[in-house]
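**Student:** Predicted structure and sequence below. I'll ask about it afterward.
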Amino acid sequence: MEFDVWVPLLLPLAAWPLARSVAPKLAPREASWLLTAGCLVLAAGSTLTLALQAFGGMTLIPAVARAGHWSPQVLRGQDPINIPVSIGCGVLLAGLAVTFVRTALGYTRWIRALTRELDEHSREPGVVILPGAEPVAFAAPGRGGRIAVSTGMLSALSPRERTALLAHERAHLRLRHHHFLVAVTLAATLNPLLRPLCAAARFSLERWADEAAARHVGDRTVVAHSVAKAALAGHSRPGFALAATGGPVPRRVTALLTTQRRRLPAALLAAALLFGTTAWSAVTSLDSMTDLHSTIESAQAEHQPG
């Protein structure tokens, strides 16, 4: 069994250290797109690899071979298949599929429950004021997108800091960051090794919203104070919500208070390394699928009478 077959499963281990170098060197928007796309491609590659290995073992089952009109003996001779490995890949793939479906259904239930909860206060898009002293603020999809903020959070911030906080949450909705978040979350369920890479993508999303808020307010220091005070006063909304209190807040505050000098060569190199890693996974997965297809076609040809 060639090592290349396992490349898509192992590449996430090399990809996430690269991600830590990509995020500081690229603008948050570009980093978010690159990291999210990387998560999706690497998840697809590893899932396809597991599926191919599991299917390779199934091709030797006589009933499957008869249905596909190929010879199991020819397949075994052309490409030796490790039955225990195929069984293990099948079991792992089934477990990941169950986790994927549970996560997708959990998101659906969460957004429905959150929509009903917010509807009790207002059914209109925009800002929903939640009564209560607990400091809470987050952006929620559904009904055109809404921002939920508690009176406790509003009282913890100055007027300009409230403006910055709301600008941050509006940026999440306007830039459709929830689609990015769902994508990286589902990718991590298909390959748990992608969790650090997905966490880097989430951090870039928060930085993207921070920068959008800074442009709106016109003062990066105000946004930094808003993020820090909101994080100290409250907590992140559980579930799939995006909030100004999310991610490594000290790193976000430091980035807002520090003049960002991104060197283009370093940024391009970091992006190229991550892109190359992702492309390697995709190409290897496609090559493995093509090889298996060719092998099956050969077995079918030799199985034909006469």
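**Tutor:** All right, it came through fine.

**Student:** what's near enough to touch Pro125?
**Tutor:** Neighbour list for Pro125: Arg143, Gly144, Gly145, Arg146 [criterion: Cβ atoms under 8 Å, 6 or more residues apart in numbering]. (C-beta placed from N, C-alpha, C; glycine too.)

**Student:** Distance-wise, check the closest residue to the second one other than its chain neighbours relative to Pro196.
**Tutor:** Right, Gly144. Leaving out its chain neighbours, the residue that sits closest to Gly144 by Cβ to Cβ, 6 or more residues apart in numbering is Pro125, at 3.7 Å. Going from Pro125 to Pro196 by Cβ to Cβ, to the nearest Å gives 35 Å.

**Student:** The closest residue to Ser122 other than its chain neighbours is in what secondary structure piece?
**Tutor:** Once flanking residues are discounted, Ser122 sits nearest to Val128: 4.9 Å by Cβ to Cβ, 6+ apart. Per DSSP states H and E: Val128 is located in strand 126-130.

**Student:** and the next element down the chain from that strand?
**Tutor:** That would be, after strand 126-130 and using DSSP H and E, strand 137-140.

**Student:** ok and the helix or strand following that next one relative to strand 126-130, angle-wise?
**Tutor:** Using DSSP H and E, the helix or strand that follows strand 137-140 towards the C-terminus is strand 146-150. With axes from the mean of the first three to the mean of the last three Cα atoms, to 10 degrees as the basis, strand 146-150 and strand 126-130 are set at 30 degrees to each other.

**Student:** what's around Leu96, how many residues?
**Tutor:** Neighbours of Leu96 under the rule other Cβ atoms under 10 Å: 18.

**Student:** So Leu121, which state does it fall into?
**Tutor:** Just so we're on the same page, residue 121 is His rather than Leu. Following DSSP: H, G, I helix; E, B strand; the rest coil, the label given to His121 is coil.

**Student:** how close does it sit to Ser150?
**Tutor:** Going from His121 to Ser150 by Cβ to Cβ gives 11 Å.

**Student:** Looking at these two now, which is surrounded by more residues?
**Tutor:** Neighbours were tallied for His121 and for Ser150 using other Cβ under 10 Å; the higher tally belongs to Ser150 (21 against 13).

**Student:** now the helices for the stretch 101-250 of the chain?
**Tutor:** For the stretch 101-250 of the chain, helices defined by DSSP state H, counting those that start in this stretch occupy the ranges 151-156, 159-174, 177-190, 195-217, 220-233, 249-257.

**Student:** Please compute how far the helix or strand Leu93 falls within lies from its chain's middle.
**Tutor:** Element membership for Leu93 (DSSP H and E) is helix 83-119. Centre-to-centre, helix 83-119 and its host chain are 14 Å apart (Cα atoms, centre = their mean, to the nearest Å).

**Student:** Quick check: mean pLDDT of it?
**Tutor:** Helix 83-119 shows a mean pLDDT of 89.

**Student:** Now do the contacts for the most centrally placed residue in the chain.
**Tutor:** When Cα atoms, centre = their mean is applied to the chain, the residue found nearest the centroid is Val184 (0.9 Å). Shown in contact with Val184 (Cβ under 8 Å, 6+ apart): Leu35, Thr36, Cys39, Leu40, Leu194, Leu197, Cys198, Ala201, Arg202.

**Student:** can you check Ala183 too?
**Tutor:** Thr36, Cys39, Leu40.

**Student:** Quick check: the gap between it and Ala200.
**Tutor:** 14 Å.
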